[in-house]
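>>> Let's see this in three dimensions:
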Amino acid sequence: MSLADRLDSVRRAQAAVSQAQQPTTAGGAGPRPGTVPRRRVLDPFGEVKGRVHQALIESLGPRLYDPHLPEAELAQQVRTTLQQTIDAEQTPLSHADRTRIAQEVSDEILGHGPLEPLLRDPEISEIMVNGPDSIYVERSGKLYSVETHFSNEAHLRRVIDKIVGRVGRRVDEASPLCDARLPDGSRVNAVISPIALDGAMLTIRKFSQDPYTDADLIAFGTITPSVRDFLKACVMGRRNIVISGGTGSGKTTTLNVISSFIPEDERIVTIEDAAELQLHQDHVLRLESRPANIEGKGAIAIRDLVKNSLRMRPDRIVVGEVRDGAALDMLQAMNTGHDGSITTVHANTPRDSLARLETMVLMAGVDLPVRAIREQVAGAVQLIVQQSRLKDGSRRIVAITEVVGMEGDVVTLQDIFTFDWAAGRDENGRFRGTLVSTGLRPKFLTELHDLGIEVSPQLFINGARLT
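The predicted structure is shown next:
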């Protein structure tokens, strides 16, 4: 055999091995177009877990789905029956193997299957399921692939249905997009076919079991004690605040911390798409939007909730995020006596956040001239807190900007504090910078003084670093 023939035979053998290792679609036609196949690690205890799972379902029966059975009691019954079932298993298993099987089957019955270990890991801030065999997590602002996987597409769909069904939502071919939440407030987004071309996808943004406080944000470097004191004075002084930033920049966490500065003796109404805020004041009323039912009726939008909240005698209105015509109602609330309201908006800069508010007001369908909209914005919003996720994975407040008023047809802004990018990075690649004073004093300082709220004048010395 010639060298060319030998090389050709080796290439054919390698191609055959590569083809055999590639996962196939449901129809068996090979890997999905445009995807990178991943080699699945077979579970050596798959058959044992299947038998134990089935025996557990047969043993407990309807009790697994009894809505009147307390969760703690159900968990105890499941674990007791599970241990008995595993002890009766004929396959020789070590103690470690029995413990692992018991934990995984328990997670499947009581929790969210393969996602449970990831949900328990306090270092993971986000879980991204791109399909049954592709799961990524975020740790310290960086993405990592994990070996965890679902059995198949149907397994992933069951977990999605369990999550969204618990909060009264649904996801199916007629409604393939869904926002939901876990019991701890973690944000969930699910997308299934036909929208998701490569199968169901699930994204979970985890929330800490113990909500972050201002001390936590200081430890993370998001804010400094001086910034905390300034923002607390603004909240106590009933300034209307917009927290602006991109996706994953930490807006909701900062909103939760800033909202914690609201005095205990005020009536607070929170309005969200999926309830995430965790305020510890006594007088908090929580409202959550609702999607349409299977007949396309019964939807309750954020805008409806903002309108209704005005009839609930609120001292403060906290909106998780404005993303549509609700912006007009939010501005109206800020302009009609509900000072001290707080919300978030997606935008890259403080100036962009005003443009976004203008656009969203136009989405309300009210034919208003642009100047009238800008007057509403300039009269309602007094402070913009800009937050970003930096290249090192940290989330920082990079600007605090005051809305001064109108000059002609333009809303005028002045930066009070800006991020010091010139400070560079340390040996670990982390940004050294912090907020630095521009030397401009907020025009509302006089109003804060009249309310008995003092802010240190040292914060506004030109070039002063807010440590």
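>>> what about residue 404, which helix or strand?
Under the criterion of DSSP states H and E, residue 404 resides in strand 395-407.
>>> And for residue 449?
Per DSSP H and E, residue 449 falls inside helix 445-450.
>>> Run through the helices of the protein in chain order.
In the chain, the segments counted as helices under DSSP state H are 3-21, 46-60, 71-87, 95-110, 116-120, 153-166, 214-220, 225-236, 251-259, 302-309, 326-335, 350-362, 370-380, 445-450.
>>> Could you measure from the spatially most central residue of the chain over to residue 444?
Closest residue to the average C-alpha location of the chain: residue 205 at 4.0 Å, with CA atoms, centre = their mean. Distance of residue 205 to residue 444, computed by CB to CB, to the nearest Å: 33 Å. Bear in mind the C-beta positions are built from the backbone N, C-alpha and C, glycine included.
>>> for residue 314, same thing?
From residue 314 to residue 444 the distance is 22 Å (CB to CB).
>>> Check residue 195 too.
Separation of residue 195 from residue 444 (CB to CB): 46 Å.
>>> Apart from its neighbours in sequence, what residue is nearest residue 375?
residue 406 (6.2 Å; CB to CB, 6 or more residues apart in numbering).
>>> Quick check: the one you found touching residue 378?
Yes. Here residue 406 reaches residue 378: they are 5.0 Å apart, a contact under CB atoms under 8 Å.
>>> residues shared between the contacts of those two?
With contacts defined as CB atoms under 8 Å, 6 or more residues apart in numbering, the residues shared by residue 406 and residue 378 are residue 412.
>>> okay, these two: which has more neighbours?
In this view residue 406 and residue 378 are compared by other CB atoms under 10 Å, and residue 378 has more residues nearby, 20 against 15.
>>> now residue 202, which residues is it bridged with?
Counting by DSSP bridges, residue 202 is bridged to residue 129, residue 190.
>>> Quick check: it touching residue 129?
Yes. Counting by CB under 8 Å, residue 202 touches residue 129, with 4.0 Å between them.
>>> who touches both of these two?
Shared contacts of residue 202 and residue 129, defined by CB under 8 Å, 6+ apart, are found at residue 156.
>>> Name the nearest residue to residue 388, sequence neighbours excluded.
residue 398 (4.9 Å).
>>> Tell me who's in contact with the residue lying closest to residue 172 once chain neighbours are set aside.
Leaving aside its sequence neighbours, residue 172 sits nearest to residue 192 (CB to CB, 6+ apart; 7.6 Å). Residue 192 makes contacts with 157, 160, 171-173, 176, 199-201, as judged by CB under 8 Å, 6+ apart.
>>> Backbone dihedrals for residue 192, please?
Phi and psi for residue 192, reported as degrees, to the nearest 10, are phi -130, psi 170.
>>> Would you mind measuring from it to residue 146?
Between residue 192 and residue 146 the computed distance is 22 Å (CB to CB).
>>> Equivalent analysis for residue 318, please.
In terms of CB to CB, residue 318 sits 35 Å off from residue 146.
>>> between these two, which one's more packed in?
Legend: neighbour count by other CB under 10 Å for residue 318 and residue 146, higher for residue 318 (26 against 16).
>>> pLDDT value on the more buried one, please?
With respect to pLDDT, residue 318 scores 92.
>>> just residue 401 next, same as before
Looking at residue 401, its pLDDT reads 96.
>>> Next, count neighbours for it.
Residue 401, neighbours per other CB under 10 Å, totals 25.
>>> I'd like to know how many residues surround the nearest residue to it once chain neighbours are set aside.
Nearest residue to residue 401 in three dimensions, chain neighbours excluded: residue 350, at 4.0 Å (CB to CB, 6+ apart). Residues lying near residue 350 (other CB under 10 Å) number 23.
>>> same check, this time on residue 164
With other CB under 10 Å as criterion, residue 164 counts 21.
>>> Show the contacting residues for it.
Applying CB under 8 Å, 6+ apart to residue 164 gives the contacts 170-171, 178, 180, 188, 190.
>>> hmm, back to that, the residue nearest to residue 388 and residue 384 touch, don't they?
No. With contact defined as CB under 8 Å, residue 398 does not reach residue 384; the gap is 11.4 Å.
>>> Mark which of the contacts of residue 192 are buried, thanks.
Among those, the ones that count as buried by 16 or more other CB atoms under 10 Å are 157, 160, 171, 199-201.
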